[in-house]
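J.: for reference, the sequence and a predicted model appear below.
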Amino acid sequence: MKNYIYITVIALVLSTIAFFHLWQLSEIPKGLYYDETSIGYNALKISESGHDQHGEFLPVFFKAFGEYKNPLYIYTTAIIFKIAGVREFTLRFTSFFYFAILLIAIYFLVDLAFKNKVVNIFCLLFTGFISWFFVTSRETFEVISQPAIFALAILFIYRTYHHANQKNWFIDPILAGFFTGLTLYTYSTSRLLTLIFVALILIIYSYKNLKKTLLLAGIIILISIPYLNYYFKNPDNLTRRFEQLTYIHDANLTKQQIAEKFFKNYFTYLSPDFLIISGDHYVKKSFKHSGFGGQISKSLFVTAIIGLIGLIVTRKIFKDRFVAFIALNFLASPIAAALTHDIHGLRSILMPLYIIILSAYGINYLSLAKNKFKIISYSIIAMLFISLIIESTLYLNHYFTRYSEESISDFETFDYRSVILKAITLSPKKIIFSNKGGADLYIEPEFFKKIIDIPSNINFVYDYPIPEDDSCIIFTIFDNSTISQKNLHEYEFAPPNSYMKLKCYSSNNY
């Protein structure tokens, strides 16, 4: 492929990926999930004063909704707010930012490892339209930062040990150590997966170049200091959520039953049903899976299998340190998720990163076939490409149509923004955002005050939901039985089955 054609194709692929990841970013999914506004509110507070919602200055981890959110994503969002303002778009743009890092890191990694333009194009398309990444790149959840930072760590590990810079040999191990350490601040499963990742670096690479490995390890320790300091001072804060989700301490289970539960969960993540057929359907939540197909495309699955078979047949999986490093990390990637009760696509989000790298080997084997196998291999590549385009088109059509509507109920919200805007159009003297749904719900009105222009003549408060003349109350379904006023006319403006409710009250008819 000639260079100018290749550059044109890459530009077209990247622009197409960017378009679909950014198109209607504020509107789809509909409404902000409470985790999104929690992240947004903390980022807002950090951008304004450096203090979080509880008044703590530059916290290492953020207390919210009974758990502790990881800091990297929130601090990144705060910087984006500072630069571009506070809106739904800038809130969700943080996820696209990390997805873009992931996309670029994978591109440079496969380009460096294979120097094969066909591999580069396929890997960009796989990464750009895989369901696992597409959903999380358009929602405000810290999880997308995990594969992005791990991808950077893998890129610089490859550069450290397989593409040495003789003159400035120390740069790559420093960056590899920096990004490896940074993974601890991305998502909760990294507390186990980073440990495994580091152990594999030491086991596989130490004897190859001890000097580089010691430098890399030293940087990891340096970057880990805030995490370790926080953990030793507040050990329960970082394990509380896991204790709620895991079955390993269940007194009703024997050790054998615990082991059986683990292996059942583990192999579910590796099953065709989870990967290419039904995806994360075990607990229906739109922020984990759109409901269309599996977690990855069938074309990606096939190329990864081809790559894995090729690596085993050629024994490269046993001889090449990098291949062994990727294969072992792939096998480790579902471990943290398998330790919790339910099957959860977010907790296993490192899996597709390694699957894409394995698929690169598959495409590379096919594209380098010679003699009588060349026509067969090229035919397979063509069929895989066509399949990928069809799968991606069907997925995008589902995402921007059916999924758009399903996200309202699955996000457990009737779009807070729309409810507030509806209340404003009624011009009440007071809009009360009920405080009976939970102590942390004050985050919702406080965050939306920053992104919605509420007229100064309307008193918008977070308070106990007592109906008053010429007032509107925004509340959840859990408040429904407590909100009534016989002396006032009551009007409901939200659909009967919605999670979010809006009732307005007046001594006169509206």
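T.: Here it is on my side, so go on.
J.: next secondary structure element downstream of the helix or strand bottoming out on mean pLDDT in the chain?
T.: Scoring the helices and strands of the chain by mean pLDDT, DSSP states H and E places helix 402-410 at the bottom, with a mean of 75. Stepping forward along the backbone from helix 402-410, the first helix or strand reached (DSSP states H and E) is helix 416-425.
J.: got the contact list for that following helix?
T.: 31-32, 37, 88, 431, 444, 448, 451-452, 454-455, 458, 472, 474, 493-494, 500, 502, 504 (C-beta atoms under 8 Å, 6 or more residues apart in numbering). Placement of C-beta: from N, CA and C, glycine included.
J.: can you say which of the residues you listed are buried?
T.: Using 16 or more other C-beta atoms under 10 Å as the burial test, those include 31-32, 37, 88, 431, 444, 448, 451, 454, 458, 472, 474, 493-494, 500, 502, 504 as buried.
J.: just the ones in helices from those residues, please.
T.: The helices, defined by DSSP state H, take in Thr37, Glu88, Glu444, Phe448, Ile451 from these.
J.: what ranges do the strands span in the protein?
T.: Taking DSSP state E, the strands of the chain run over residues 62-64, 67-69, 430-434, 459-463, 471-476, 489-492, 500-506.
J.: pick the most deeply packed of the ones you listed.
T.: For the strands of the chain, the largest average neighbour count (mean count of other C-beta atoms under 10 Å) is found in strand 471-476, namely a mean of 25.
J.: that strand - which strands sit beside it in the sheet, and in what orientation?
T.: Using DSSP bridges, the strands paired with strand 471-476 are strand 430-434 (parallel), strand 500-506 (antiparallel).
J.: what about the helices in the stretch 201-350 of the chain?
T.: Under the criterion DSSP state H, counting those that start in this stretch, the stretch 201-350 of the chain contains helices at 210-233, 235-245, 255-269, 272, 298-313, 316-319, 321-332, 335-338.
J.: reformat those helices as a markdown table; add mean pLDDT, mean neighbour count and distance to Asn165.
T.: Output for the helices of the stretch 201-350 of the chain, formatted as a markdown table (pLDDT from 0 to 100; neighbours: other C-beta atoms under 10 Å; distance: least, C-beta to C-beta, whole Å):
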| stretch | mean pLDDT | mean neighbour count | distance to Asn165 |
| --- | --- | --- | --- |
| helix 210-233 | 95 | 16 | 11 |
| helix 235-245 | 83 | 14 | 36 |
| helix 255-269 | 95 | 14 | 37 |
| helix 272 | 94 | 11 | 42 |
| helix 298-313 | 96 | 20 | 27 |
| helix 316-319 | 90 | 14 | 24 |
| helix 321-332 | 97 | 19 | 17 |
| helix 335-338 | 95 | 21 | 33 |
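J.: quick one: closest of these to Phe108.
T.: Among these, the nearest to Phe108 by C-beta to C-beta is helix 321-332 (14.6 Å).
J.: just how off-centre is the closest one within its chain?
T.: Averaging C-alpha positions (C-alpha atoms, centre = their mean, to the nearest Å) puts helix 321-332 22 Å from its chain's average.
J.: can you spell out which helices and strands pack onto that helix?
T.: helix 145-162, helix 190-205, helix 298-313, helix 316-319, helix 351-367 (3 or more C-beta pairs under 8 Å, 6 or more residues apart in numbering; DSSP states H and E).
J.: tilt between that helix and helix 145-162?
T.: Going by axes from the mean of the first three to the mean of the last three C-alpha atoms, to 10 degrees, helix 321-332 is angled at 160 degrees with respect to helix 145-162.
J.: so helix 321-332 versus helix 351-367, what angle?
T.: Helix 321-332 and helix 351-367 are oriented at 140 degrees to each other (the same axes, to 10 degrees).
J.: got a list of contacts for helix 321-332?
T.: For helix 321-332, contacts defined as C-beta under 8 Å, 6+ apart pick out 113, 154, 157-158, 161-162, 193, 196-197, 200-201, 204-205, 208, 308, 311, 316-318, 350-351, 354-355, 357-358, 361.
J.: what's the angle from that helix to helix 298-313?
T.: Helix 321-332 and helix 298-313 are oriented at 130 degrees to each other (the same axes, to 10 degrees).
J.: how about the CA coordinates for helix 321-332, as PDB?
T.: Output of helix 321-332 as PDB, limited to C-alpha atoms (Å, rounded to 0.1, in the frame of the first residue of the first chain):
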ATOM      1  CA  ARG A 321       8.900 -12.700  25.900                       C
ATOM      2  CA  PHE A 322       6.500 -10.000  24.800                       C
ATOM      3  CA  VAL A 323       4.000 -12.600  23.500                       C
ATOM      4  CA  ALA A 324       4.200 -14.500  26.800                       C
ATOM      5  CA  PHE A 325       3.700 -11.200  28.700                       C
ATOM      6  CA  ILE A 326       0.500 -10.400  26.700                       C
ATOM      7  CA  ALA A 327      -0.800 -14.000  26.800                       C
ATOM      8  CA  LEU A 328      -0.400 -14.200  30.600                       C
ATOM      9  CA  ASN A 329      -1.900 -10.800  31.200                       C
ATOM     10  CA  PHE A 330      -4.800 -11.800  29.100                       C
ATOM     11  CA  LEU A 331      -5.400 -14.900  31.200                       C
ATOM     12  CA  ALA A 332      -5.100 -12.800  34.300                       C
END
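J.: enumerate every residue touching Ile431.
T.: Ile431 is in contact with Ile420, Ala423, Ile424, Ile454, Ile458, Asn459, Phe460, Val461, Ser471, Cys472, Ile473, Ile474, counting by C-beta under 8 Å, 6+ apart.
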